[in-house]
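1. Just the structure for this:
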Amino acid sequence: MTTYCQVTGKKPSFGNAVSHSHRKTRRRWDPNLQTKRYFVPSLGRTIKLTVSTTGIKTIDKRGIESVVAEMIARGEKF
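-> Reported below is the predicted structural model:
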């Protein structure tokens, strides 16, 4: 599974976990990624996307057709 959102491009961010004594160790914050299947009428098939919850809301708002057209223009594989 990819570690980034195919719609929004969100990737893990990195930083420090700081303890009570202020020791710092490296950690990462992962986006909330979900694997979703969408039917795209223009392609005539179902596609499987790895999207963040923000990406799911974007698809709900703008529609799968416009999001897929933008992804194809960007060169994204699905």
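2. Figure out the helix or strand that the residue of the chain most remote from its centre lives in.
-> Residue farthest from the centre of the chain, counting by Cα atoms, centre = their mean, is Ser21 at 35.2 Å. Ser21 belongs to no helix or strand when assigned by DSSP states H and E.
3. Okay, it and Arg28: tell me how far apart.
-> Separation of Ser21 from Arg28 (Cβ to Cβ, to the nearest Å): 22 Å. C-beta coordinates here come from the backbone N, C-alpha and C atoms, glycine included.
4. for Val18, same thing?
-> For Val18, the distance to Arg28 (Cβ to Cβ) stands at 14 Å.
5. mean confidence score for stretch 35-46?
-> Computed over stretch 35-46, the mean pLDDT rounds to 97.
6. roughly how far is that stretch from the heart of the chain?
-> Offset of stretch 35-46 from its chain centre (Cα atoms, centre = their mean, to the nearest Å): 16 Å.
7. is it true that Leu33 touches Cys5?
-> Yes - judged on Cβ atoms under 8 Å, Leu33 makes contact with Cys5 at a distance of 6.5 Å.
8. can you give me the strands in this protein?
-> Using DSSP state E, the strands of the chain run over 13-18, 24-29, 33-40, 45-52.
9. and among these, the most buried is which?
-> Among these, the stretch with the highest mean neighbour count (mean count of other Cβ atoms under 10 Å) is strand 45-52, at a mean of 16.
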